[in-house]
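S.K.: Fold the following, please.
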Amino acid sequence: MDFKGITLVTGAAGFIGRYVVEHLVALGARVRATDLPRKDTSYFDNMGVEFVAADLTKPETLPALFDGGVDRVFHLGAICNFSTPYERLYPINVLGVDRITRLALDAGVMRYIHVGSTSVYGPYRGTPFTEDAPRNPQDSYGRSKRDGEDIVWRRIAEGLAATITRPCTVYGPGCTDGAGKVFSRRTSITAIPGSGRQLLSNVRAEDVAAAVVHLSHLDEAVGKAFNIAEDSHPTLEEALTIAARTFGARPPRLHLPIALVKAFARMDGFISKVKGRTPDLEYDAVRYLGSDYVVDNSALKATGYEFIHPNFEESMKQLGEWYKE
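M.R.: Just a heads-up that it's a prediction; the model follows:
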């Protein structure tokens, strides 16, 4: 399917949002970016992208986003960390989805792509997560993403041509939020949680952007969900060691029991809250580290998508070269 009208990207100033905008511009799409009001819009101006300020918590600011013939929407507007309580996530991650999908349906858009999270699945149950796995989130962030998804499923039943995507741990240049920041910049993590043999699933931001745009062109993707995850599954120790070397830090050697790491994470969370920052290792993120966390990407690959960065170690080598430059 081709799109000749405006492509709307919500959360366009966020980490993944920027990659989606850049990818669309590279493909020649007519893009309208939206995010919270900001004084400096030079990032979008330099790409020739229209920026329209809006706030998902203020319904009166949203209808203007669909003026002029929007035929495709990528919804990335969300709070994406494990430190924010549900009552603060709900107005954006849930009510915001309700408002945007209702407007998209009323506008008759040809495609709506929802960018969610594998956190909707909850704790690992011993087998790789597939898209039909039960959704039983264990934290506020995961619950907010599940509840937002539920609204999209309802809109699909009402006739919205929507696709749901579920990226796993997203990392890459510019990542400052979520679990992926551990593999995106130098951090204060100096120990390995547990045995370090836990298997991980990660994905570069460039692949999230390319995958969601790829899916937007496929009629057969409508009404379905797709995981987005790399092919490789490094152990936690391997991943932390690679990340440390990438950013010029000393690789961690000390192993700490998960219970002790949780205690440190809780304390760091309290200190970070006082200082107004997001901790490097959030308490609810640590809860995922007690076992493997493997995400199945076969449904996405079956659509013909080819990963830009299929292997974590090779991806980090490339990221290290970018970091040095």
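S.K.: can you tell me which residues contact the residue in the chain sticking out farthest from the centre?
M.R.: Distance to the chain centre peaks in the chain at Leu254, reaching 29.9 Å (criterion: C-alpha atoms, centre = their mean). Counting by C-beta atoms under 8 Å, 6 or more residues apart in numbering, Leu254 makes contact with Thr190, Ala191, Ile192. To be clear about C-beta, it is placed using only N, CA and C from the backbone, and glycine gets the same treatment.
S.K.: Who wins on neighbours among these?
M.R.: Ile192 (23 neighbours; other C-beta atoms under 10 Å).
S.K.: What lies in contact with the strand or helix carrying that one?
M.R.: Using DSSP states H and E, Ile192 sits within strand 191-193. Residues from elsewhere that reach strand 191-193, judged by C-beta under 8 Å, 6+ apart: Leu236, Glu237, Leu240, Pro252, Arg253, Leu254, His255, Leu256, Ile258, Val261, Val286, Leu289.
S.K.: Let me see the ranges of the helices in the stretch 101-250 of the chain.
M.R.: According to DSSP state H, counting those that start in this stretch, the stretch 101-250 of the chain carries its helices in the segments 140-158, 205-216, 236-246.
S.K.: tell me the most buried of these?
M.R.: Ranked by mean neighbour count, the helices of the stretch 101-250 of the chain are led by helix 205-216 with a mean of 24 (mean count of other C-beta atoms under 10 Å).
S.K.: just to revisit the earlier point, compare the helices of the stretch 101-250 of the chain and give me the one nearest Gly126.
M.R.: helix 236-246 (17.0 Å; C-beta to C-beta).
S.K.: so who does the nearest residue to Ser119 once chain neighbours are set aside touch?
M.R.: Closest residue to Ser119 apart from its sequence neighbours, by C-beta to C-beta, 6 or more residues apart in numbering: Gly142 at 3.6 Å. Taking C-beta under 8 Å, 6+ apart, we find Gly142 in contact with Ser117, Ser119, Val120, Tyr121, Gly122.
S.K.: give me the beta-bridge partners of the closest residue in space to Ala64 that isn't next to it in sequence?
M.R.: Ranked by C-beta to C-beta, 6+ apart and with sequence neighbours excluded, the top spatial neighbour of Ala64 is Val52, at 6.4 Å. Under DSSP bridges, the beta-bridge partners of Val52 are Thr34.
S.K.: So what's the residue count around Val52?
M.R.: Neighbourhood size, Val52 [other C-beta under 10 Å]: 18.
S.K.: Can you give me the distance of it to Arg32?
M.R.: 6 Å (C-beta to C-beta, to the nearest Å).
S.K.: Mind putting the contacts of strand 191-193 into TSV with pLDDT, secondary structure and distance to His75?
M.R.: Formatted as TSV, the contacts of strand 191-193 follow (pLDDT from 0 to 100; DSSP: H, G, I helix; E, B strand; the rest coil; distance: C-beta to C-beta, whole Å):
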residue	pLDDT	secondary structure	distance to His75
Leu236	94	helix	31
Glu237	94	helix	36
Leu240	93	helix	32
Pro252	87	coil	37
Arg253	88	coil	42
Leu254	87	strand	41
His255	90	strand	40
Leu256	83	strand	38
Ile258	77	helix	34
Val261	69	helix	34
Val286	70	helix	29
Leu289	80	helix	29
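S.K.: Let me know the closest of those to Gly304.
M.R.: Once C-beta to C-beta is applied, the member of the contacts of strand 191-193 that ends up nearest Gly304 is Leu236, at 31.5 Å.
S.K.: so what's the residue nearest to the closest one when sequence neighbours are not counted up against?
M.R.: Distance criterion C-beta to C-beta, 6+ apart; nearest residue to Leu236, sequence neighbours excluded, is Gln198 at 4.6 Å. Residues in contact with Gln198 (C-beta under 8 Å, 6+ apart) are Thr235, Leu236, Leu289, Gly290, Ser291, Asp292, Tyr293.
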